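>>> I would like the atomic coordinates for the input below:
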Amino acid sequence: MNASFPNIPSRKRVLLVDDHALVRDGMRMHLSLQPDLIVVGEADDGESALAWLAQAGPDCLPDLVIADIGMRGMGGIALTGALHHDYPELAVLVVSMHDNLEYVRQAIRAGARGYVLKDAPSGELLAAIDAVLAGRMFYSARIARAMAEHAPSDSPLDALTRRERDILDGIGRGLANKEIAAQLGVSVRTVETHRLNLKRKLGIEGRAVLVKYAVEQLGEEGEAG
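Sure thing, here's the model as predicted:
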């Protein structure tokens, strides 16, 4: 684990998580050529990444975590879920050699904002970084095509994490952010971050539209029960 905390506010800070040192070296060298990015730390598994973040503290957190899926110990999906729960403001981009759509779905449900294949062109990685840092979703072209082919059977709710579903349920029941935070044992800021993620994943703009959607979903669940 390599931790350093340079104070360079003009650059977006990146934490690399991969159990292959050569992969990290290559990615770090590639990103170092980008004037708006800086790699501030590295870890070789999920546990080490969480330890790095704890050491960094809230004032030195990265803007982006790039994590592999298949690692010894805690893998990328489990790490993504932990990050989404403990650091919901962090953008997570998953990189993988696997183009299995189930892996993609698991990563997105865990809270990842993008999924890039390791054999994709280098420009695709940079495009993914730009997208997820801007709050958008990004998939490698091959993944995007495969997802489009299977889109009719997918529901937007499938992309939500368990915590996001809990918050959507609270919104549907008319609870304020403070009430949802108290009920779930999290901060109001965390609830606000999850609300932003809900709108992004569901393709919704505006508070009123999100509330309407949440009420409709709550009603459908009630009818199903």
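>>> any idea how far Ala214 is from Glu192?
As judged by C-beta to C-beta, to the nearest Å, Ala214 and Glu192 stand 15 Å apart. Any C-beta I mention is one placed from the backbone N, CA and C, and that applies to glycine too.
>>> ditto for Gln106
From Gln106 to Glu192 the distance is 26 Å (C-beta to C-beta).
>>> of these two, who's got more company?
More neighbours surround Gln106 than the other of Gln106 and Glu192, with 19 against 16 (other C-beta atoms under 10 Å).
>>> Contacts made by stretch 167-183 with the rest, please.
160, 184, 187-188, 190-192, 194-195, 198, 210-211, 214-219 (C-beta atoms under 8 Å, 6 or more residues apart in numbering).
>>> Stretch 22-36 now?
Contacts of stretch 22-36 (C-beta under 8 Å, 6+ apart): 10-12, 14, 16, 18, 37-39, 42, 44, 66, 68, 118, 122, 125-126.
>>> In that stretch, which residues are buried?
Within stretch 22-36, the residues scored as buried using 16 or more other C-beta atoms under 10 Å are 24, 27, 31.
>>> Could you tell me the end-to-end distance of stretch 35-47?
29 Å (C-alpha to C-alpha, to the nearest Å).
>>> list the buried ones in stretch 112-128?
For stretch 112-128, by 16+ other C-beta under 10 Å, it's 112-118, 120, 124-128.
>>> cool, and stretch 33-51?
37-50.
>>> Against Arg173, how distant is the residue nearest the centre of the chain?
Residue closest to the average C-alpha location in the chain (C-alpha atoms, centre = their mean): Ala112, at 2.7 Å. Ala112 sits 28 Å away from Arg173 when distances are taken as C-beta to C-beta.
>>> Now do the same contact list for Arg195.
Taking C-beta under 8 Å, 6+ apart as the test, what Arg195 contacts is 167, 171, 177, 210.
>>> hang on, the earlier thing: just the contacts of stretch 22-36: which are in strands?
Among the contacts of stretch 22-36, the members found in strands (DSSP state E) are 12, 14, 16, 37-39, 42, 66, 68.
>>> List just the nearest of those to Glu205.
Set against Glu205, the nearest of those by C-beta to C-beta is Lys12 (24.7 Å).
>>> Give the burial count for that closest one, as a bare number.
19.
>>> Any stretches of the protein with poor pLDDT?
1-9, 150-156, 219-225 (pLDDT under 70).
>>> Helices of that one, start to end?
21-32, 46-56, 76-86, 101-110, 122-133, 141-150, 162-172, 177-184, 188-202, 207-224 (DSSP state H).
>>> Out of these, which one sits most buried?
helix 76-86 (a mean of 22; mean count of other C-beta atoms under 10 Å).
>>> returning to that earlier point: quickly note the distance from the residue nearest to the centre of the chain to Asp59.
The value you get for Ala112 to Asp59, if C-beta to C-beta is used, is 25 Å.
>>> Over to Ile180?
Distance from Ile180 to Asp59, by C-beta to C-beta: 26 Å.
>>> Just to check, Arg72 is in contact with Asp19?
Yes - assessed by C-beta atoms under 8 Å, Arg72 is found in contact with Asp19 at 5.4 Å.
>>> Common neighbours of those two, please.
By C-beta under 8 Å, 6+ apart, the residues touching both Arg72 and Asp19 are 44-45.
>>> Between these two, tell me which one has more neighbours.
Ranked by neighbour count (other C-beta under 10 Å), Arg72 and Asp19 place Asp19 first, with 18 against 10.
>>> so what's that one up against?
44-45, 68, 71-72 are the contacts of Asp19 under C-beta under 8 Å, 6+ apart.
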